[in-house]
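Participant: Can you look at this prediction? I've put the sequence above it.
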Amino acid sequence: MAQQSIVVRDSIGINAGRTSKRAIARLQALLKIPVLPELLGRKGFFQWMETKTFLSNFRKGVFNPERFTDEAVYEYLRPVTEGVRQRKRFFRFFAAGSPRYTMQAVHGLKRFEKPTMVIWPGDDRYISPSWGRRLYEDIPGATRFELVPFCGHFWPEERPAEFAAVIGEFLAEHVAERGEACTPTASS
């Protein structure tokens, strides 16, 4: 399996990078007010806003909002509710996101010549499929670019079977090229 690669994007980093520096500065300033992170995090404000209001960025990030359950939203937001330390790490991670890290990785990817597939949600409103196309064009070993239609930013929640099928086909094809058996194993 070391002979092929699949490119998966870091959605939080790029998404955060698209947030203006001004918005990040405001968020950091708000977090310095001792009671606010506690109120917004542990008391359920983020969960309420993301599951019960039209302001939900999670629901806007999918092609079919019904596919993104409240339970999935809660899991994405779990670090915000677990405690002060986890909350600080979550917000630090979010605020540190920048497209510059993606662009820094491109230099190394331009030298990567192993068979590579770039797979991207076709209807991602946060990170355009053009980013996936660019990665495909920048990686010399890229042999396949797949857009999964009717799928938004949160593809693991919305179309996991379709992504798994495309990834499985790619891996089976490249394992077969090497003359190895490709037998799925059941996990216990």
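Facilitator: Yes, it's here. It should be emphasised that the depicted structure is a prediction, and the values quoted were computed from it without experimental measurement. Numbering: from 1, shown residues only.
Participant: So this protein: which segments form each domain?
Facilitator: Residue ranges for the domains of the chain, per automatic domain parsing: 5-10+100-177, 13-96.
Participant: winner for burial among the ones you listed?
Facilitator: domain 5-10+100-177 (a mean of 16; mean count of other Cβ atoms under 10 Å). Glycine gets a C-beta too; all of them are placed from N, C-alpha and C.
Participant: Can you lay out the domains of the chain as a markdown table showing mean pLDDT?
Facilitator: A markdown table is the format used below for those (pLDDT from 0 to 100):
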| stretch | mean pLDDT |
| --- | --- |
| domain 5-10+100-177 | 85 |
| domain 13-96 | 70 |
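Participant: which stretches of this protein form strands?
Facilitator: 5-7, 116-121, 142-148 (DSSP state E).
Participant: Hmm, residue 47 and residue 74 touching each other?
Facilitator: Yes: assessed by Cβ atoms under 8 Å, residue 74 is found in contact with residue 47 at 5.9 Å.
Participant: Could I get the phi/psi values of the nearest residue to residue 147 once chain neighbours are set aside?
Facilitator: Nearest non-adjacent residue to residue 147, counting by Cβ to Cβ, 6 or more residues apart in numbering: residue 122, 4.0 Å away. Phi and psi for residue 122, reported as degrees, to the nearest 10, are phi -70, psi -20.
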